[in-house]
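> this one's sequence-less:
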């Protein structure tokens, strides 16, 4: 995902397009796997027990 965004950013010509793409690149690069996991767990409303199963800590 980040690679594609970097390519699109390089190809962008309009200032607004560059700004939007730069924000997307920054947001993508700052998301850590643990943050993404937490968002997914919340999205699917996983219980602590289910999270342990998913993470292999059961």
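Great, that's in hand. Remember, it's a predicted structure, so these values are computed and weren't measured experimentally.
> helix, strand, or coil at residue 13?
Under DSSP: H, G, I helix; E, B strand; the rest coil, the three-state class of residue 13 is coil.
> what are the buried residues along the lowest-mean-pLDDT helix or strand in the chain?
Scoring the helices and strands of the chain by mean pLDDT, DSSP states H and E places helix 2-11 at the bottom, with a mean of 81. When burial is assessed from 16 or more other Cβ atoms under 10 Å, helix 2-11 yields the following buried residues: 5, 9. Yep, even glycine has a C-beta here, placed from its N, CA and C like the rest.
> what lies in contact with it?
By Cβ atoms under 8 Å, 6 or more residues apart in numbering, the list of residues contacting helix 2-11 from outside reads 18, 21-22, 24-25, 28-29.
> at 6 Å what do you get?
Taking contacts as Cβ atoms under 6 Å, 6 or more residues apart in numbering, the residues outside helix 2-11 that touch it are 21, 24-25, 28.
> tell me the one of the residues you listed nearest residue 55?
The nearest member of the contacts of helix 2-11 to residue 55, counting by Cβ to Cβ, is residue 28 at 22.8 Å.
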